[in-house]
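Novice: Show me the folded form of this:
(one chain, ligands or ions: 3)
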Amino acid sequence: MTAYNLGFPRMGLRRELKTALEAHWSGQADEAALLATAAELRARHWALQRAVGIAVPPSNDFALYDHVLDHACAFGVIPEGYGWRPGEPVSLATRFALARGARGTAGERAAGIAPGAPALEMTKWFDTNYHYLVPVFRPDQAFIATGFPAVDAFEEAKALGYPTRPVLLGPVSFLLLGKMAGGAGDPLALLPGLLPLYAETLRRLAAAGAREVQMDEPCLSLDLQPAARTALRAAYLVLAGAAPRLSLMLAAYFGDLRENLETALGLPVAGLHLDLVRAPRMLDLALRQAPPRMMLSLGVVDGRNVWATDLSRAFQQVRAAAAARRFELLQVAPSCSLLHSPVDLAGETGLDPELRGWMAFARQKLEEVAILARGLTAGRGAIAAELAASDARQEARRRSPRLHDPAVAERLAAGRAEDAARVPFAERRMAQQTRLRLPGFPTTTIGSFPQTAEIRAARAARKRGEVTEAAYHAFLTERMAEAIRWQEEIGLDVLVHGEFERNDMVEHFADFLTGFAVTKSGWVQSYGSRCVKPPVIFGDVSRPGPMTVEWARRAQALTERPMKGMLTGPVTMLQWSFVRDDIPRAAVRRQLAYAIRDEVTDLEAAGIPIVQIDEPAFREGLPLRRDEWDAYLTDAVHCFRISASGVRPETQIHTHMCYSEFNDIMDRIAQMDADVISIETARSRMELLAAFVDFAYPNEIGPGVYDIHAPRVPEAAEMERLLRIAAQRVPAERIWVNPDCGLKTRRWEEVRPALQRMVEAARTLRG
Ligand SMILES: CN1c2c(nc(N)[nH]c2=O)NC[C@@H]1CNc1ccc(C(=O)N[C@@H](CCC(=O)N[C@@H](CCC(=O)N[C@@H](CCC(=O)O)C(=O)O)C(=O)O)C(=O)O)cc1
Ligand SMILES: N[C@@H](CCS)C(=O)O
Ligand SMILES: [Zn+2]
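Specialist: Ligands and ions are numbered 1, 2, ... in the order given. Predicted coordinates:
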């Protein structure tokens with residue numbers, strides 16, 4: 001057995017898990033129905049993996065909402081107020097209240113969940129667009145087994161006839177991904193109390209018949225303090241002794257292990273998985289330094305992108321390993337869990353066949369893994385045909401005229417330093433004040449209004465050809481007009497058109513730009529039941545014509561108040577797409593920057609006085625290692641500035657960021673030099689604003705006063721309090737009033753009172 005997998009996407013080809021979750025949450029399906037769908041998906045995915053040649057697929061890689069949440073629940077890391085009592089299993093109601101906040105339903109009350117219990121904090125899983133729920137540890141945290149889900153999953157697969165390799169989030173990564181309640185203390189200090197539960201889990205897995213367990217320690221790709229390396233050594237010493245017949249396969253992914261490689265190779269584990277897509281250089285080092293009997297898992301198939309593997313190149317890596325080590329001590333695998341890949345390319349019948357031939361989704365990636373594993377055990381001859389076919393595809397892709405556009409190359413070559421420069425902020429500010437004449441504490445929103453079922457259904461009907469383009473357009477126009485009238489009525493100062501015509505803030509733009517392709521069902525989980533369909537950047541990017549100007553112009557025509565044009569910035573467009581791997585990412589970002597610049601200047605020419613260039617993925621794009629930050633940040637700032645700097649001083653540029661910590665990149669955010677930045681701060685009660693204060697952020701700022709992630713409608717007094725906190729820290733004349741983020745996931749019943757109260761709070765402050 002040499003072909004392995006680290007994790008499979010959970011949602012299902014048709015996003016069956018999303019449908020089942022949302023049906024359950026809306027009361028249309030009971031727990032049994034949800035659990036039945038989940039079990040069906042697991043069974044289907046094990047069968048699929050076995051069919052393509054993964055003899056021992058992973059188990060316990062599934063989660064209803066998030067695997068970090070499940071792991072925390074399994075070990076009793078559950079704050080008070082969520083209806084769980086030590087010694088009891090964790091109910092689905094508790095799990096979903098932790099994930100989404102209490103809804104105040106009768107079911108929750110019956111489960112003992114406090115009505116206002118908030119959702120756990122959600123943050124980015126390393127540098128991906130997957131979000132996990134942050135475990136909160138108490139200083140006196142007692143870890144208590146609430147069940148053994150890894151054992152249950154293993155048994156479930158076994159009953160279906162499938163041997164599996166259970167996956168556990170390793171103890172050190174688990175602690176480092178969490179935070180201490182109140183912020184004081186070091187989660188690693190909790191390790192001794194945590195290890196007995198891991199040991200018990202391993203013993204039970206061994207007793208159930210598991211031969212190996214995958215211990216995920218993605219923290220190995222980060223800059224670790226020496227204490228974390230010590231913790232890894234201490235942890236695995238204990239765990240290796242817990243169930244001696246069980247092989248522990250340590251899995252590190254998302255980057256180069258660098259100084260942590262020696263630590264990993266020194267741990268008493270049976271094997272180590274390496275991400276050789278992100279860090280091919282690790283192979284040589286590992287081959288030289290690994291203990292002679294350590295299994296090496298070669299992650300040579302990219303789990304984070306959609307390109308078909310260059311099998312000859314990957315086979316060279318595999319062969320280099322085989323030259324140094326018996327093949328029994330080698331495994332072939334994707335670089336990381338396939339959680340970040342869409343499921344199956346077979347459904348992409350709408351894609352241009354040539355382009356489709358260049359791509360691989362989860363299923364195809366596992367086929368590639370199986371081919372390489374076969375080559376490893378049976379020799380090159382056994383996979384000669386597959387290698388030849390892959391070579392032909394790679395060659396065709398390299399030579400394809402669709403990749404390169406001389407006009408784009410020329411545009412970039414003609415780029416000048418001035419493209420990224422505007423006149424100083426003080427000068428712009430005066431010009432903008434004269435033009436916009438906004439009151440103090442101006443109110444606005446971040447762009448999107450509710451994407452109602454009606455709007456989604458209309459879009460789907462149009463896609464199926466059931467309504468005409470004209471009818472769809474008229475329907476959206478009516479929604480927009482309503483939204484504009486309503487914004488005027490409640491007295492917002494800077495209006496938005498509502499983004500009703502957009503399916504997603506990235507995918508929507510992909511439809512207009514060259515070099516992009518969009519898939520039919522290339523869904524990837526973003527958080528809980530929410531999915532995104534990252535577009536594919538396969539060639540040079542340019543903007544053949546305006547993308548948003550017509551909607552913006554028509555929106556502005558409906559009101560005397562300033563209308564804000566709404567765009568996604570180059571850094572985020574890149575980060576949330578599947579990006580071509582034949583040229584540097586920075587080159588693609590630069591192409592995007594010029595394309596968006598043209599849109600910004602066209603919006604200005606159409607009379608739009610304010611343009612917001614969203615960059616919520618600005619921080620997410622940071623490399624995992626600090627010594628690579630500088631190069632990224634310099635380039636990301638420059639690209640943002642290219643996109644923003646084509647306009648006159650009196651045109652106001654906004655940007656927006658959410659899900660981000662700003663403390664360590666404040667200087668760069670200031671360098672972006674947006675006239676106004678809106679940030680998410682409500683959930684942390686303005687904590688995030690501290691960075692802007694400490695840094696004396698020079699431009700205008702809209703700290704979010706309304707947490708849009710929860711259905712709860714905030715009181716005006718609450719928002720007023722937050723604004724007062726902000727006004728103590730930032731000069732009042734530089735403060736804007738807005739929600740944390742766009743309102744697309746909310747319902748109008750929540751949005752209407754919330755924004756009315758937000759305007760009220762701003763008026764009180766003005767007084
Ligand atoms: C701000 N966020 C975003 C991130 N990444 C992005 N690419 N986009 C983002 O907005 N990362 C960080 C955060 C993550 N947050 C979210 C928030 C919300 C969603 C979300 O709501 N996703 C939707 C899918 C959105 C979409 O593309 N919708 C399409 C298709 C709708 C659909 O499913 N249609 C059905 C038929 C429907 C019907 O008949 O009624 C179909 O095609 O089968 C659209 O609106 O047209 C989700 O549903 O998960 C994601 C990330
Ligand atoms: N303009 C977007 C930003 C989301 S981060 C929206 O309002 O949905
Ligand atoms: Zn946002």
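Novice: CA only for contacts and neighbour counts going forward, please
Specialist: Noted.
Novice: ok, residues contacting stretch 149-167?
Specialist: 6, 43, 46, 55-61, 74, 168, 201, 204-205, 208, 210-216 (CA atoms under 8 Å, 6 or more residues apart in numbering).
Novice: Report the rounded mean pLDDT for it.
Specialist: What stretch 149-167 shows for mean pLDDT is 98.
Novice: End to end on it, go ahead and measure it.
Specialist: 10 Å (CA to CA, to the nearest Å).
Novice: What of stretch 242-256?
Specialist: For stretch 242-256, the end-to-end distance is 29 Å (CA to CA).
Novice: for the stretch 301-450 of the chain, what spans make up the helices?
Specialist: 311-324, 353-357, 362-378, 384-399, 406-413, 425-436 (DSSP state H, counting those that start in this stretch).
Novice: would a markdown table of those helices with distance to ligand 1, mean neighbour count and mean pLDDT be doable?
Specialist: Conversion of the helices of the stretch 301-450 of the chain to a markdown table gives the following (distance: least, CA to the nearest ligand atom, whole Å; neighbours: other CA atoms under 10 Å; pLDDT from 0 to 100):
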| stretch | distance to ligand 1 | mean neighbour count | mean pLDDT |
| --- | --- | --- | --- |
| helix 311-324 | 30 | 18 | 97 |
| helix 353-357 | 20 | 14 | 96 |
| helix 362-378 | 19 | 23 | 97 |
| helix 384-399 | 26 | 15 | 97 |
| helix 406-413 | 25 | 12 | 98 |
| helix 425-436 | 28 | 15 | 98 |
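Novice: Go through those and name the closest to residue 112.
Specialist: Shortest separation from residue 112 across these is recorded for helix 362-378, at 40.3 Å, computed as CA to CA.
Novice: thinking again about what came up before, for ligand 2, find the nearest of the helices of the stretch 301-450 of the chain.
Specialist: helix 425-436 (20.9 Å; CA to the nearest ligand atom).
Novice: Please export the C-alpha coordinates of that closest one as CSV.
Specialist: Taking Å, rounded to 0.1, in the frame of the first residue of the first chain, the C-alpha atoms of helix 425-436 are listed here in CSV:
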residue,chain,number,x,y,z
PHE,A,425,-4.0,62.5,1.7
ALA,A,426,-4.4,65.9,3.2
GLU,A,427,-4.8,67.4,-0.2
ARG,A,428,-7.2,64.6,-1.3
ARG,A,429,-9.2,65.0,1.9
MET,A,430,-9.9,68.7,1.3
ALA,A,431,-11.0,68.0,-2.3
GLN,A,432,-13.2,65.2,-1.2
GLN,A,433,-14.8,67.2,1.6
THR,A,434,-15.6,69.9,-0.8
ARG,A,435,-17.2,67.5,-3.2
LEU,A,436,-19.0,65.1,-0.9
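Novice: now what about it, what contacts it?
Specialist: 562, 609, 649-652, 673, 675, 699.
Novice: how about those, which pair is most distant?
Specialist: 562 and 673 (21.0 Å).
Novice: So between those two, which is more surrounded?
Specialist: residue 673 (25 against 20; other CA atoms under 10 Å).
Novice: now the contacts of stretch 149-167: which count as buried?
Specialist: 6, 46, 55-61, 74, 168, 201, 204-205, 210-216 (16 or more other CA atoms under 10 Å).
Novice: what about residue 510, neighbour count?
Specialist: 23.
Novice: Excluding residues flanking it in the chain, which one is nearest it?
Specialist: residue 516 (5.6 Å; CA to CA, 6 or more residues apart in numbering).
Novice: Run the chain-centre distance for the host helix or strand of the one you found.
Specialist: Element membership of residue 516, judged by DSSP states H and E, is strand 514-517. Relative to its chain's centre, strand 514-517 lies at 21 Å (CA atoms, centre = their mean, to the nearest Å).
Novice: Now, the contacts of stretch 149-167 that are in strands?
Specialist: Those of the contacts of stretch 149-167 mapping onto strands are 58-59, 168, 212-216, per DSSP state E.
Novice: Just name the closest of those residues to ligand 2, please.
Specialist: Nearest member of the ones in strands among the contacts of stretch 149-167 to ligand 2, counting by CA to the nearest ligand atom, is residue 216, at 29.9 Å.
Novice: pretty sure that closest one is touching residue 168, no?
Specialist: Yes - at 6.1 Å, residue 216 counts as touching residue 168 under the criterion of CA atoms under 8 Å.
Novice: Could you pull out the helices in the stretch 151-300 of the chain for me?
Specialist: So, for the stretch 151-300 of the chain - with DSSP H, counting those that start in this stretch - the helices run 171-177, 191-208, 226-242, 259-265, 282-289.
Novice: Now mean pLDDT and distance to residue 143 too, for those, in JSON lines please.
Specialist: Below are these laid out as JSON lines (pLDDT from 0 to 100; distance: least, CA to CA, whole Å):
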{"stretch": "helix 171-177", "mean pLDDT": "98", "distance to residue 143": "12"}
{"stretch": "helix 191-208", "mean pLDDT": "98", "distance to residue 143": "6"}
{"stretch": "helix 226-242", "mean pLDDT": "98", "distance to residue 143": "15"}
{"stretch": "helix 259-265", "mean pLDDT": "98", "distance to residue 143": "26"}
{"stretch": "helix 282-289", "mean pLDDT": "98", "distance to residue 143": "35"}
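Novice: got any ranges where this protein has weak pLDDT?
Specialist: 1 (pLDDT under 70).
Novice: Nearest residue to the middle of it?
Specialist: residue 129 (1.1 Å; CA atoms, centre = their mean).
Novice: Identify the residue nearest that residue in space, chain neighbours excluded?
Specialist: The nearest residue in space to residue 129 (CA to CA, 6+ apart) is residue 526, at 5.8 Å.
Novice: Kindly report the same for residue 534.
Specialist: Using CA to CA, 6+ apart, the nearest residue to residue 534 is residue 577, at 4.6 Å.
Novice: Next, the contact list for the one you found, please.
Specialist: 506, 534-537.
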